[in-house]
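Enquirer: Take a look and give me a structure for this.
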Amino acid sequence: MRLSYAPIILATVLFALPAVNPTVAHATDLAANANIFLFPAPHPVAPLVLKTPNGQTVSLNNYRGKVILLHFWSINCPACRYEEPLLHQLKQTFSPADLEILGVNLVDPPQAVINHASTHGAPFPILFDGGQGYELKVVTMSGKKTAFLVNPSKEAILEVPGFPTTYIVDSQGKAVGYSVGAARWNDRSALALIQSLVTQRRSLPGMGGEIPRAGRLSMNGTR
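Expert: Here you go, the predicted structure:
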């Protein structure tokens, strides 16, 4: 499902995203079997503050120390509905202390998101802007339209070219990979990737502090 906002011009410079290379999950297998792609090296994700359906304000920093799937979705998205049980199964496979899935919806009205979560149940936390000033904006790059999540200062944070789009963030707040379209989270290569990040998490000493400021995270490998 493609976004349909009018194009805008963002003044922020496009940043390249380096990324991870876990030995237990080969990039080729992930791309071919699970529709998951790794960045050349990990890169910090910029701060993100959203709201839950019950009105609680949460920051991505609140989940620091866990592996996070930052999952962008919309209510009327067939691929999102297909992927949801796979994400639910993945969440049940790992300890809540190790993995969190955050479902971010920035295109449907907040009340519609609340009603949807109440009616259908939510296997993972659902977040939306709720007046914080985060939104998706469409831009044209190299003749093609894509969308970026922009913060209240109109700085682009993450590229979201369609639904679903999911970023894989390690326990230190760095994006290591992404998927556009439904990912096969039950594939052995996907499970191996998450397990490698969980194992990495458990090997690290206590972590804290703010997530370092990052530029716009894009999927085209340019900065």
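
Enquirer: where exactly do the strands run in the chain?
Expert: Secondary structure of the chain (DSSP state E): strands at 14-15, 37-44, 49-51, 57-59, 67-72, 99-104, 126-127, 135-141, 144-150, 156-159, 165-169, 174-180, 216-217.

Enquirer: Show the contacting residues for N186.
Expert: 86, 89-90 (C-beta atoms under 8 Å, 6 or more residues apart in numbering). Using the backbone N, CA and C atoms, a C-beta is placed for each residue, glycine as well.

Enquirer: let's see it at 7 Å
Expert: Shown in contact with N186 (C-beta atoms under 7 Å, 6 or more residues apart in numbering): 86, 89.

Enquirer: which intervals of this protein have sub-threshold pLDDT?
Expert: In the prediction, the chain carries residues with pLDDT under 70 at positions 1-25, 205-223.

Enquirer: nearest spatial neighbour of the residue nearest to the spatial centre of the chain, skipping sequence neighbours?
Expert: Nearest to the geometric centre of the chain sits L70, at 2.5 Å (C-alpha atoms, centre = their mean). If the residues on either side of it in the chain are set aside, L70 comes closest to Y167, at 4.3 Å by C-beta to C-beta, 6 or more residues apart in numbering.

Enquirer: repeat for L99
Expert: L99 sits nearest to V67 (C-beta to C-beta, 6+ apart), 4.9 Å away.

Enquirer: can you count the residues close to P152?
Expert: 11 (other C-beta atoms under 10 Å).

Enquirer: quick one: contacts for it?
Expert: 132-134.

Enquirer: repeat that for 6 Å
Expert: Listed by C-beta atoms under 6 Å, 6 or more residues apart in numbering, the contact partners of P152 are G133.
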